[in-house]
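In: Quick one: sequence plus predicted model below, questions after.
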Amino acid sequence: MTLRVDLNGDMGESYGRWTLGDDEALMPQLTSANIACGFHGGDPHVMRRTVALALAHGVAVGAHVGLPDLIGFGRRRLAVSPAELRDYVLYQAGAVKAFAEAAGARLEHVKPHGVLYAMAQEDGELARAIAAAVAELGGDVALLLAGRTVAAAATEAGVRFVPESYVDLDYTGEGKLVIERVKQLRDPKETAARAVRLVTEGKVRTLDGTDLDREASSICVHGDAPNAPAIAAAIRRALQAAGVELVPLAAL
C-alpha cells in the first residue's frame with residue numbers, strides 16, 4: 001500500500017505594506033495552504049491574492065485562524081473564553097471561505113495558528129469551541145491539528161480531524177512543540193530526512209535525543225522560516241524518492 005501524506009504551509013501572512021515569507025516560491029511545493037485571516041497576519045487583499053495563488057498551483061485552501069494579536073503575531077497567550085474563541089474562529093474562517101467560493105473553490109480545512117494551537121491541545125473547552133466553529137462552516141471542512149484532546153473534540157462535533165506533525169520545529173522530551181518567536185535557519189536535507197522518518201516510521205527525534213511516536217497525515221512547513229521554499233522542496237523530493245505520494249487533505 002502506497003503511503004500518502006499532505007504537505008501544508010502557513011501562507012498569506014503579509015499585510016498592508018509589510019511582507020513576510022516568499023509565498024510565490026513556497027506555494028508550488030505544497031498540497032494544502034493555511035491562509036492567514038487577519039488576526040495574526042494577512043488582510044483582505046492578501047487573502048484574495050493567496051487564494052488565487054493556491055488555486056493556480058492546485059493547492060487546497062485552508063484558514064489559519066489565530067488569536068487577535070497582530071502585533072504579537074498570534075504567539076502570545078490571551079485570556080479568551082470558549083464562546084469568544086468559537087466566534088473568532090467562525091469569523092476568520094468565514095472570511096477565507098468567502099474568498100475561496102468567490103474564486104470558484106471551497107474551504108477545505110481550518111488550522112489554529114501559533115499559541116492557539118497549543119492552547120487547544122491543553123484545554124478541552126477551547127478545543128470544543130474550535131471544533132464547534134468548524135462544524136458551523138459546513139461542507140465537510142476538516143480540522144487540522146494534533147493531540148487526543150482536539151481529536152476527541154472534533155469527533156464530538158462531527159468534524160473530520162486530520163493529525164499533523166512538524167519537522168521544521170522541535171519537540172521536547174515530553175512531546176510538546178517548541179514554538180519559536182523567530183524561526184531558525186534549518187538544513188533542508190536534515191529536515192527532509194526527518195520528514196521521511198516521520199511518515200515511514202511514525203517517529204521524530206526530540207531535543208533530548210529520544211524518539212517520539214507521532215501520527216502524521218499532514219506535515220507543516222512554516223512560511224516565515226528564512227528558507228521555507230528550500231525546506232519544502234527538499235521534503236517533497238525526499239518523500240517522493242521514498243515512494244510517498246503527496247496529496248491534499250481531501251484525498252487522504
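Out: All right, it came through fine.

In: contacting residues around the nearest residue to E125 once chain neighbours are set aside?
Out: Spatially, and ignoring its direct neighbours in sequence, E125 is nearest to P82 (4.6 Å; CB to CB, 6 or more residues apart in numbering). C-beta here means a position set from N, CA and C on the backbone, and glycine is covered the same way. By CB atoms under 8 Å, 6 or more residues apart in numbering, the contact set of P82 is 125-126, 128-129.

In: Which members of those define the maximum pairwise distance?
Out: L126 and R128 (7.3 Å; CB to CB).

In: Could you check which of these two is surrounded by more residues?
Out: Taking neighbours as other CB atoms under 10 Å, L126 and R128 compare with L126 leading, 24 against 21.

In: My read is that that one contacts L85, right?
Out: Yes. L126 lies in contact with L85 (CB atoms under 8 Å); the separation is 5.7 Å.

In: residues contacting G94?
Out: Per CB under 8 Å, 6+ apart, neighbours of G94: L137.

In: Please, which helix or strand holds it?
Out: Assessed by DSSP states H and E, G94 sits inside helix 82-102.

In: Kindly state the pLDDT recorded for the residue nearest to E108 when sequence neighbours are not counted?
Out: Among residues not flanking E108 along the chain, A60 sits closest, at 4.2 Å (CB to CB, 6+ apart). With respect to pLDDT, A60 has a value of 98.

In: Show the contacting residues for A60.
Out: Applying CB under 8 Å, 6+ apart, the residues near A60 are 31-33, 54, 108-109, 248-250.

In: G42 too?
Out: 12-15, 35-36, 50, 64.

In: how about a cut-off of 7 Å?
Out: 12-13, 15, 35-36 (CB atoms under 7 Å, 6 or more residues apart in numbering).

In: between those residues, which has the most around it?
Out: Going by other CB under 10 Å, I35 tops the contacts of G42 with 33 neighbours.

In: Where does that residue fall, secondary structure wise?
Out: strand 32-36.

In: list the helices and strands that strand packs on?
Out: The contact analysis (3 or more CB pairs under 7 Å, 6 or more residues apart in numbering; DSSP states H and E) places strand 32-36 against strand 4-11, helix 44-56, strand 60-65, strand 107-112.

In: out of these, nearest to F99?
Out: helix 44-56 (4.7 Å).

In: Name the residues of that closest one that come out as buried.
Out: 46-51, 53-55 (16 or more other CB atoms under 10 Å).

In: angle of that helix against strand 4-11?
Out: 150 degrees (axes from the mean of the first three to the mean of the last three CA atoms, to 10 degrees).
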